[in-house]
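S.K.: take a look and give me a structure for this.
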Amino acid sequence: FHIIKNISELSKDWNKSLIFIPILLSFVMCVYAISDPVTTAAQLSSIYNIIALKFEAVFQYGALLILLFLILLAFSKSGSKKINLVSSPKYSFFSWSSMLFASGMGATILYWSPIEWSAYYNNPPFDLEVGSSEAIRTINAYTSFHWGFSGWAIYALPAVAFAIAITKNPSSSLTFGSLLVSDNLPMSYLLKTILDVFFIFGILAGAGVGLGLSFPLIAEIVATFLGISSSLVLELIILLICLLIITTSAYLGITKGIKRLSNINIGLLGLLLIFILIAGPTSYILLNSLDVLLVYGTKFIEMSTYVGDKFVQDWTVFYWAWWLALAPYLGVFFVNISNGRSLKELILGTILIGGFGSVIHFLILGNYSLHLFENDILNLPDLYASEKPTKVIVDVILTLPMNYLILFLYGLISIIFLCTTYDSCAFILSRTAMSRSDISPSKILRIIFSILLVIQPAILMYLGGVNTVKWMLVITAIPLIFINILLIGYIIKNVQKI
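M.R.: Predicted coordinates for the structure are as follows:
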């Protein structure tokens, strides 16, 4: 009875609907995705293809508009306004940058950076000839474009809106419903609930797809390192270890948990990239990197406005939809670590630290794997088409000097990346589930959401529902386009009031 009384006392500050919605959505997603994984994935893929064709220009010009709007805002008088969070710590530039990048990227960047150009190889944009030098230069630049400044600007937009809201009213709830719907409106509760469903769905679906991509890579690395075949037992052991780290980190909070993990991860990641640059074909990587940056810079507007191409519909639209779907929760997290910083620092820090950090990954790992292809060491386009992508990634890493040590480091960084993504997810879900944003997130809720965020994707992964959730995730980006328009309006209207 004492435990029940304590929980009852704690739960008086909980927003019950924002606890119920994630649990219900998780259940519905799992039931739908695993009822008939192949058929549902195919149906949703068809819907996405229609959406990508119809909304191709909206996604392209929308991403460019968000980037330009935020740059103008950063350098306006309003950019100097400070974010003020009651009872929140201020973080050093390194810790702030580490948490921002680690939460925003996750292990998916280690999944795609060595192999993404090979996925584009046989279907280059602009009707370029497959395998031509111009096609290779362009697809190499497109990897940086898809993971670069436009995507991070999409992340930054809700962060700015939430920063204005919480600075204006420290007790305001950091959800779309609270931000955009006035209590005076008819059916305000229904409208808030609908917006909050989109907000939370992005977190849950993003968690499902993120684990579905990064976890098989971690399992493949561990199995290769141990010299055994990947099995269900091995994957369950790794999953339980990750769950323990995620739950512990989320329970400890930002300062004691998430910050420390992020700092460790960025330090290890820096060592890995420096090693590959020095131990690999250094001059080739540097020269190709300069070439990629040149193409990225000179073709940025063209790539941002290019429409009417299957490549754009399959890849660029998919990426903008992906960034849009994940942006709400990351916006809340970025605000929670940005106390005392100006709006200009938040905007430029997100776009430049995130953008350059991502681009550097692709410049080093992508160019290293391209070197393997051009020197007939590994035929990555053929391997990507015929093998599991995780196996191709491991094959790339094993060509490095001290290969098994580097593979171990790659796996360790992937695990920490995975954990920093999910502990920040759990923290933000528990934060939004509080009745007011100036109340510290309940530790019980952090544990509950940590378990939910790992168990739900694990069920989807093992029962074959990840692809279904992937298409569900990007389809929800359609209403998020219009929500982002409302966010821009909210920023313009309220930025002078803080």
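S.K.: I'd like the next helix or strand past the helix or strand harbouring Ala159.
M.R.: Taking DSSP states H and E as the definition, Ala159 sits inside helix 149-168. Downstream of helix 149-168, the first helix or strand assigned by DSSP H and E is helix 176-180.
S.K.: what packs against that next one?
M.R.: Under the contact criterion of 3 or more C-beta pairs under 8 Å, 6 or more residues apart in numbering; DSSP states H and E, helix 176-180 touches helix 149-168, helix 188-226, helix 477-494. (C-beta placed from N, C-alpha, C; glycine too.)
S.K.: same for the last one, what does it pack against?
M.R.: Judged by 3+ C-beta pairs under 8 Å, 6+ apart, the packing partners of helix 477-494 are helix 56-74, helix 149-168, helix 176-180, helix 188-226, helix 317-336.
S.K.: again, only using 10 Å
M.R.: Applying 3 or more C-beta pairs under 10 Å, 6 or more residues apart in numbering; DSSP states H and E, one finds that helix 477-494 contacts helix 37-54, helix 56-74, helix 149-168, helix 176-180, helix 188-226, helix 317-336.
S.K.: now the first one
M.R.: Under the contact criterion of 3+ C-beta pairs under 10 Å, 6+ apart, the helices and strands touching helix 149-168 comprise helix 56-74, helix 93-105, helix 176-180, helix 300-305, helix 317-336, helix 343-348, helix 354-361, helix 477-494.
S.K.: hang on, Lys470 packs against Ala207?
M.R.: No. The criterion here is C-beta atoms under 10 Å, and Lys470 misses it with Ala207 at 11.8 Å.
S.K.: counting neighbours, go ahead and name the busier of these two.
M.R.: Between Lys470 and Ala207, counted using other C-beta atoms under 10 Å, Ala207 has the larger neighbour count: 28 against 24.
S.K.: quick one: pLDDT of the closest residue to that one other than its chain neighbours?
M.R.: Nearest non-adjacent residue to Ala207, counting by C-beta to C-beta, 6 or more residues apart in numbering: Leu453, 4.8 Å away. Note for Leu453: predicted pLDDT of 77.
S.K.: mind putting the helices and strands packed on helix 149-168 in TSV, mean neighbour count and distance to Ile19 included?
M.R.: Formatted as TSV, the helices and strands packed on helix 149-168 follow (neighbours: other C-beta atoms under 10 Å; distance: least, C-beta to C-beta, whole Å):
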stretch	mean neighbour count	distance to Ile19
helix 56-74	19	31
helix 93-105	23	22
helix 176-180	22	15
helix 300-305	15	40
helix 317-336	26	15
helix 343-348	22	28
helix 354-361	21	30
helix 477-494	17	22
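S.K.: against Tyr155, how distant is the residue nearest to Lys168 when sequence neighbours are not counted?
M.R.: Of all residues not flanking Lys168 in the chain, Ile498 sits nearest, at 5.4 Å (C-beta to C-beta, 6+ apart). Taking C-beta to C-beta, to the nearest Å as the measure, Ile498 falls 21 Å from Tyr155.
S.K.: more neighbours: which of these two?
M.R.: Tyr155 (25 against 17).
S.K.: lowest-confidence helix or strand of the protein?
M.R.: Every helix and strand of the chain was ranked by mean pLDDT, DSSP states H and E. The lowest is helix 2-10, at a mean of 47.
S.K.: that older thread, now do the helix holding Ala159 and helix 93-105, the angle between them.
M.R.: 110 degrees (axes from the mean of the first three to the mean of the last three C-alpha atoms, to 10 degrees).
S.K.: next, the buried residues of helix 149-168.
M.R.: Buried residues in helix 149-168, counted by 16 or more other C-beta atoms under 10 Å: 149-167.
S.K.: and it, C-alpha only, in PDB?
M.R.: In PDB, the C-alpha atoms belonging to helix 149-168 read as follows (Å, rounded to 0.1, in the frame of the first residue of the first chain):
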ATOM      1  CA  PHE A 149      22.100  21.200 -43.500                       C
ATOM      2  CA  SER A 150      18.500  21.000 -44.900                       C
ATOM      3  CA  GLY A 151      17.700  17.900 -42.700                       C
ATOM      4  CA  TRP A 152      19.100  19.500 -39.600                       C
ATOM      5  CA  ALA A 153      17.200  22.700 -40.300                       C
ATOM      6  CA  ILE A 154      14.000  20.600 -40.300                       C
ATOM      7  CA  TYR A 155      15.100  19.400 -36.800                       C
ATOM      8  CA  ALA A 156      15.700  23.000 -35.700                       C
ATOM      9  CA  LEU A 157      12.300  24.400 -36.600                       C
ATOM     10  CA  PRO A 158      10.200  22.800 -33.800                       C
ATOM     11  CA  ALA A 159      13.100  23.400 -31.400                       C
ATOM     12  CA  VAL A 160      12.900  27.200 -32.000                       C
ATOM     13  CA  ALA A 161       9.100  27.100 -31.600                       C
ATOM     14  CA  PHE A 162       9.300  25.100 -28.400                       C
ATOM     15  CA  ALA A 163      12.100  27.400 -27.100                       C
ATOM     16  CA  ILE A 164       9.900  30.500 -27.600                       C
ATOM     17  CA  ALA A 165       6.900  28.700 -25.900                       C
ATOM     18  CA  ILE A 166       8.800  27.600 -22.800                       C
ATOM     19  CA  THR A 167      10.600  31.000 -22.500                       C
ATOM     20  CA  LYS A 168       7.300  32.800 -22.700                       C
END
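S.K.: model confidence over that helix, on average?
M.R.: When pLDDT is averaged along helix 149-168, the result is 94.
S.K.: tabulate the helices and strands packed on helix 176-180 (CSV), appending distance to Ile274.
M.R.: Shown next, in CSV, are the helices and strands packed on helix 176-180 (distance: least, C-beta to C-beta, whole Å):
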stretch, distance to Ile274
helix 149-168, 23
helix 188-226, 20
helix 477-494, 36
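S.K.: hey, least reliable of those helices by pLDDT?
M.R.: Set side by side, the helices and strands packed on helix 176-180 give their lowest mean pLDDT on helix 188-226, at a mean of 80.
S.K.: gap between that helix and the chain center?
M.R.: Averaging C-alpha positions (C-alpha atoms, centre = their mean, to the nearest Å) puts helix 188-226 9 Å from its chain's average.
S.K.: now swap in stretch 396-403 and tell me
M.R.: Taking mean C-alpha positions (C-alpha atoms, centre = their mean), stretch 396-403 and its chain are 27 Å apart.
S.K.: and the helices and strands packed on helix 477-494 as a markdown table, adding distance to Gly355?
M.R.: Shown next, in a markdown table, are the helices and strands packed on helix 477-494 (distance: least, C-beta to C-beta, whole Å):
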| stretch | distance to Gly355 |
| --- | --- |
| helix 37-54 | 24 |
| helix 56-74 | 10 |
| helix 149-168 | 4 |
| helix 176-180 | 25 |
| helix 188-226 | 19 |
| helix 317-336 | 12 |
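S.K.: nearest to Ser442, out of those?
M.R.: helix 317-336 (15.0 Å; C-beta to C-beta).
S.K.: nearest to Pro457, out of the helices and strands packed on helix 176-180?
M.R.: Nearest of those (C-beta to C-beta): helix 188-226, 3.8 Å.
S.K.: buried residues in the helix or strand just after the closest one?
M.R.: Sequence-wise, the next helix or strand downstream of helix 188-226 (DSSP H and E) is helix 232-253. For helix 232-253, the neighbour count (16+ other C-beta under 10 Å) marks 235, 238-239, 242-243, 245-253 as buried.
S.K.: what are the phi and psi angles of Phe145?
M.R.: phi -60, psi -40 (degrees, to the nearest 10).
S.K.: repeat for Trp117
M.R.: Phi and psi for Trp117, reported as degrees, to the nearest 10, are phi -60, psi -30.
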